[in-house]
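J.: Prediction below, plus the sequence it came from.
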Amino acid sequence: MQLDVRFFALYRDRAGCSRFSLQLPEGSTVADLASEVRRLFPRLAPPEVKIVVAVNAEYADHELTLQEGDEVCLIPPVSGG
Amino acid sequence: MIEITAKPLDPDQTTAKVRQDTNGAVVTFLGTTRLFSEGKRVVKLEYEAYEEMALKKLVVAAAAPHRREAFFACHKTVDRVKEIVPIWKKEVFEDGSRWVACENHEFASDEAATIHADHN
């Protein structure tokens, strides 16, 4: 399945792009996505930092199964309003 | 009560919304920009938000029968918002810049949706 992945702020600076399209096997979870993103962008976050992911504008558990067409955003540490 | 707006914020209006005769205290928090950060002059702040999820700027008002509880609730709510709301702030100095991170940003995603101000 094809997913639209967006980076913000620190992650965008480190990834060097603000969004990209990612192909993952059907049934992949947020955890699968996070490890694939780490593989593609090794500088994104140190291994001890859990990558926080929002799916369709809501924070998502790493166990969540992704669906074709989901909008996925990688959320670096926030600084609030 | 949470309200998201792109309009200029009005702390008086926010405060009025939580005022009740049964409460003896209202604490309102207003976030502002500071001129210096870790000894360096901040030339400007750049904000970035995941707009579909974010509040733009922050006013929090908390009301309770007594001031201790009102301060506590306001404090906890601001902390929580700073931890979970996807807004990023870049401090731009004369000689560089840095992304600001909330001190307690390592939250578990399953608790991220709840803003809880328990004050027994």
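T.: Good, I have the coordinates. Bear in mind the structure is a predicted one, so any value in this text is a computation, not a measurement. Numbers count the residues shown, from 1 in each chain, chains lettered A, B, ... in the order given.

J.: Break down chain B into its helices, ranges please.
T.: Ranges of helices in chain B, per DSSP state H, are B:11-18, B:67-84.

J.: Those into TSV, with extra columns for mean neighbour count, distance to A:Asp32 and mean pLDDT?
T.: For every residue, glycine as well, the C-beta is placed using N, CA and C. As requested, these are arranged in TSV below (neighbours: other Cβ atoms under 10 Å in any protein chain shown; distance: least, Cβ to Cβ, whole Å; pLDDT from 0 to 100):
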stretch	mean neighbour count	distance to A:Asp32	mean pLDDT
helix B:11-18	14	42	87
helix B:67-84	19	24	85
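
J.: And these: which comes nearest A:Ser28?
T.: For these, the distance to A:Ser28 is smallest for helix B:67-84, at 25.0 Å, taking Cβ to Cβ.

J.: Which of the helices of chain B sits closest to B:Ser37?
T.: helix B:67-84 (15.4 Å).

J.: Show me what the closest one packs onto, helices and strands only.
T.: Under the contact criterion of 3 or more Cβ pairs under 8 Å, 6 or more residues apart in numbering or on different chains; DSSP states H and E, helix B:67-84 touches strand B:25-30, strand B:59-64.

J.: Next, the angle from that helix to strand B:25-30.
T.: 30 degrees (axes from the mean of the first three to the mean of the last three Cα atoms, to 10 degrees).
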